[in-house]
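Undergrad: next comes the sequence, and after it the predicted model I'd like to discuss.
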Amino acid sequence: MLPAVLTQSIIHSLDWVAHRTLQADPRPQHQRTGTHGEEDAFFYLRKLGYVMVARNFRSPRCRGEIDLIGWDADVLCFIEVKTRTSRDVKTAEAAVDRHKRREVAQVAREYLRRLPPTCQWRFDIVGVYYENLGSRPQIEVFRNASLTA
């Protein structure tokens with residue numbers, strides 16, 4: 001298995017090559033920024049010791065998705081990633097509103113149906129902040145955030 005730093009470097013190199021050789025990504029800039037933030041959050045959490053098991057998990061039974069799912073020791077974590085280019089309007093953790101928390105809770109229940117009922121779990125929010133897209137992000141992890149708002 002490749003170390004996380006090497007894997008991340010390879011992905012960023014491939015992104016750089018793709019950016020210069022392929023057609024432009026047709027998605028709006030905010031969606032491209034969000035995807036970039038999710039990738040950086042994924043590798044950051046791996047460095048913290050999380051064992052990631054799913055990305056962008058969806059259930060056919062309900063709306064919404066969970067950005068990342070991973071184990072932090074023996075606790076299953078459902079992780080919402082919010083990426084920002086500024087702290088001026090709303091912080092990342094404040095952007096996870098009541099509607100989003102309900103969607104995450106529904107999808108998490110669907111995921112938990114596959115696991116033993118004694119499985120410990122929690123909801124984490126990861127805030128990823130870029131001063132500009134080429135810079136290294138500042139990443140904050142809010143463990144055990146509430147699913148009720």
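TA: Happy to help now that I have it. From a predicted model like this one, the values you see are computed outputs, not experimental measurements.
Undergrad: the residue positioned nearest the centre of the chain bridge partners, please.
TA: Per CA atoms, centre = their mean, the C-alpha nearest to the average position across the chain is that of residue 81, at 3.7 Å. For residue 81, the residues forming beta bridges with it (DSSP bridges) are residue 126.
Undergrad: so it touches residue 67, yeah?
TA: Yes. Contact criterion CB atoms under 8 Å: residue 81 and residue 67 qualify, at 4.4 Å. Yep, even glycine has a C-beta here, placed from its N, CA and C like the rest.
Undergrad: got any residues that touch both of the two?
TA: Common neighbours of residue 81 and residue 67, counting by CB atoms under 8 Å, 6 or more residues apart in numbering, are 38, 41.
Undergrad: which residue ranges of the chain form helices?
TA: Taking DSSP state H as the criterion, the chain carries its helices at 4-21, 29-47, 98-112.
Undergrad: neighbouring contacts of the second one?
TA: Residues from elsewhere that reach helix 29-47 (CB under 8 Å, 6+ apart): 4, 7-8, 11, 25, 27, 52, 55-56, 67-68, 70, 79, 81-83, 85, 126, 128, 130, 133, 137, 139, 141.
Undergrad: mind running it again at 6 Å?
TA: Contacting residues not belonging to helix 29-47 are listed as 4, 8, 25, 67, 81, 83, 126, 128, 137, 139 [CB atoms under 6 Å, 6 or more residues apart in numbering].
Undergrad: quick check: the gap between the last one and residue 146.
TA: Read that as residue 139. 21 Å (CB to CB, to the nearest Å).
Undergrad: before we move on, what about residue 25?
TA: Applying CB to CB to residue 25 and residue 146 gives a distance of 35 Å.
Undergrad: now swap in residue 66 and tell me
TA: To residue 146, residue 66 is 16 Å away according to CB to CB.
Undergrad: looking at the two, which one has more neighbours?
TA: A direct count of neighbours by other CB atoms under 10 Å for residue 66 and residue 146 places residue 66 higher, at 23 against 10.
Undergrad: no more questions from me, cheers.
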